[in-house]
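*Asks:* this is the structure alone, sequence omitted:
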DNA sequence: GCATATTGTGACCAAGTGGTCATAGTATAA
DNA sequence: TTATACTATGACCACTTGGTCACAATATGC
């Protein structure tokens, strides 16, 4: 085996210290500027490596990006695994997802920024695959949960499953956006302690449960 | 008065035909690429004018953008004026806003794209001013409506006004996004006739009214 | 016709982009 | 020490960006 074993092998054989330095620089750049406007020049400068090295490690800007997205997906899947305890009532599950999302954002704020950027940027390489892997409320996963909840009489049967997913998706998206300080809604979720946060979560879930009408 | 009377005067004195040609080219470019990634070169090419002319008319890329945003704001305000009949019940008003939004998107799809792009792009010149002028559910306008609706016993009093606005905002945003074909939710609102559309609107408002719980 | 404003033009500029490659440096092994 | 494999480098490339400006063309007024 004289030549490259596989993609990224050169990078993976680097000292871990150097690896994390480079990844931190790249993640910071992508989280600040998204894919298209991120600059490889700035990355190599921040990481104190030469441009040639970066392209040797990852082949292209796209290669670097997909490497980082891969890391991101792994982190999300781990977080989901930790959260998913199936034996909860429907709205308790929603509360759990809400809380788990906020802790993820606290732990990996740059990754969440990358996620936001990819959500609202077109023509990002691998966008579709990435989103289907990362989004929680995909029809195939949460759709089943909704169906059983309807069958169990926990959810209204006069609303279509798609509309239920639609409503949940919208509420959760906006909640996380606001928690990350990106929303322009009046709700200021950015600097709340745990108690206030769970209060807000409960209030939102109450709205989802029983609506706004008196 | 020998020199320039004021900003954009040269452009405004152009033949209307030429004006619309240039504006169409610029709007198409900004709606496709947002602000930062839009290319003045492509605009002048599409409009069949020289680069010098474009910068003579608008001074800079930013000037052109703010000119277009001004047009957009006027169109939105006109549309709002046409819609705002105050003597409606609260949720009928919501239904009206939903419907008015979809007709606006039908009439000015490129402008709506520009709106979306500016929503999710940072560092766009004049972003904050633009959004406060265009967003319907600003706390100062719709907040009052909510407060009176609470006072009239139409809305729950155990949910804060901010949370009500938050929920409405999230639902409407997602609805319009999906209608414009940008959402990745299961709801496919893109190619619906009027009957189906009002059905979806009613379903969504029912959820907002009474929630998801059985 | 002539002089004077105004409008139109495109070569040109500095700066930045992703990407390449010949070369130099540094390990490891014989 | 010497040969071999891998890694690091930065000048360089073609290309795009927003923006400028000396000059050409065209209206306008007399």
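*Replies:* Alright, I've got the coordinates. Owing to the predicted nature of the structure, the values given are computational and were not obtained by experimental measurement.
*Asks:* check contacts around residue A:188.
*Replies:* By CB atoms under 8 Å, 6 or more residues apart in numbering or on different chains, the contact set of residue A:188 is residue A:178. Backbone N, C-alpha and C define where each C-beta goes, glycine included.
*Asks:* part of a helix, is it?
*Replies:* No. Secondary structure of residue A:188, determined by DSSP: H, G, I helix; E, B strand; the rest coil: coil, with no helix assignment.
*Asks:* pLDDT at it, what is it?
*Replies:* The score at residue A:188 is 83. That number is its pLDDT.
*Asks:* and the helix or strand bottoming out on mean pLDDT in chain A, how far out from the chain middle?
*Replies:* With mean pLDDT, DSSP states H and E as the measure, the helix or strand of chain A carrying the lowest mean pLDDT is helix A:139-151 (a mean of 87). Taking CA atoms, centre = their mean, to the nearest Å, one finds helix A:139-151 lying 22 Å from the centre of the chain it belongs to.
*Asks:* is chain B contacted by the following helix or strand past that helix?
*Replies:* On the C-terminal side of helix A:139-151, the nearest following helix or strand under DSSP states H and E is helix A:161-179. Yes. Judged by CB under 8 Å from any CB of the partner chain, helix A:161-179 comes into contact with chain B at A:161-171, A:173-175, A:178.
*Asks:* packing partners of helix A:161-179?
*Replies:* In this structure, helix A:161-179 makes packing contacts with helix A:90-107, helix A:139-151, helix A:194-210, helix B:161-179, helix B:194-210, judged by 3 or more CB pairs under 8 Å, 6 or more residues apart in numbering or on different chains; DSSP states H and E.
*Asks:* now do 6 Å
*Replies:* When contacts are defined as 3 or more CB pairs under 6 Å, 6 or more residues apart in numbering or on different chains; DSSP states H and E, helix A:161-179 sits against helix A:90-107, helix A:139-151, helix B:161-179.
*Asks:* what sits against the residue of chain A found nearest DNA strand D?
*Replies:* With CB to the nearest atom of the strand as the measure, the residue in chain A that lies nearest DNA strand D is residue A:52; the distance is 2.0 Å. If you count contacts by CB atoms under 6 Å, 6 or more residues apart in numbering or on different chains, residue A:52 has none.
*Asks:* relative to residue A:23, how far out is it?
*Replies:* Here the criterion is CB to CB, to the nearest Å. By it, residue A:52 lies 18 Å from residue A:23.
*Asks:* same question for residue A:89.
*Replies:* 40 Å.
*Asks:* over to residue A:60?
*Replies:* Following CB to CB, the distance that separates residue A:60 from residue A:23 is 16 Å.
*Asks:* okay, the two: which has more neighbours?
*Replies:* Neighbours per residue, other CB atoms under 10 Å in any protein chain shown: of residue A:60 and residue A:23, the larger number sits with residue A:23, 17 against 12.
*Asks:* residue A:35 contacts residue A:125, doesn't it?
*Replies:* No. Between residue A:35 and residue A:125 no contact is recorded; they are 7.3 Å apart, counting by CB atoms under 6 Å.
*Asks:* more crowded one of those two?
*Replies:* Remark: of residue A:35 and residue A:125, residue A:35 carries more neighbours, 19 against 16, as counted by other CB under 10 Å.
*Asks:* just how off-centre is the top helix by length along chain A within its chain?
*Replies:* Secondary structure of chain A read by DSSP state H shows that its longest helix is helix A:61-83. Here helix A:61-83 is found 9 Å from its chain centre; the criterion is CA atoms, centre = their mean.
*Asks:* now do that helix against helix A:139-151, angle only.
*Replies:* For helix A:61-83 against helix A:139-151, the angle by axes from the mean of the first three to the mean of the last three CA atoms, to 10 degrees is 20 degrees.
*Asks:* quick one: residues contacting residue A:29.
*Replies:* Contacts for residue A:29 were tallied using CB under 6 Å, 6+ apart; they are A:38, A:42, A:43.
*Asks:* the residues you listed, buried ones only, as a PyMOL selection?
*Replies:* Applied in PyMOL, the following selects the buried portion of the contacts of residue A:29 according to 16 or more other CB atoms under 10 Å in any protein chain shown:
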select buried, chain A and resi 38+43
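*Asks:* between the contacts of residue A:29, which sits nearest chain B?
*Replies:* For those, the residue nearest chain B by CB to the nearest CB is residue A:38; the value is 12.0 Å.
*Asks:* buried set for the one helix or strand residue A:28 maps to?
*Replies:* Assigned by DSSP H and E, residue A:28 belongs to helix A:16-33. Counting neighbours by 16+ other CB under 10 Å, one finds that the buried residues in helix A:16-33 are A:21, A:22, A:23, A:25, A:26, A:27, A:28, A:29, A:30, A:31, A:33.
*Asks:* likewise stretch A:153-169?
*Replies:* Going by 16+ other CB under 10 Å, stretch A:153-169 has these buried residues: A:154-156, A:159, A:161-169.
*Asks:* could you do stretch A:202-214 as well?
*Replies:* Of the residues in stretch A:202-214, those with enough neighbours to count as buried (16+ other CB under 10 Å) are A:203, A:204, A:205, A:206, A:207, A:208, A:209, A:210, A:211, A:212, A:213.
*Asks:* can you name the residues of chain A that neighbour chain B?
*Replies:* Applying CB under 6 Å from any CB of the partner chain, one finds that chain A approaches chain B through A:120, A:139, A:153, A:155-156, A:162-167, A:169-171, A:174, A:185-187, A:203, A:207-214.
*Asks:* and if we set it to 7 Å?
*Replies:* Contact residues (CB under 7 Å from any CB of the partner chain) of chain A with chain B: A:36-37, A:120, A:131, A:139, A:153-156, A:159-160, A:162-167, A:169-171, A:174, A:184-187, A:203-204, A:206-214.
*Asks:* any idea of the pLDDT on the closest residue to residue A:206 other than its chain neighbours?
*Replies:* Distances taken as CB to CB, 6 or more residues apart in numbering or on different chains place residue B:159 nearest to residue A:206, at 6.9 Å, with adjacent residues excluded. If you check residue B:159, the pLDDT there is 96.
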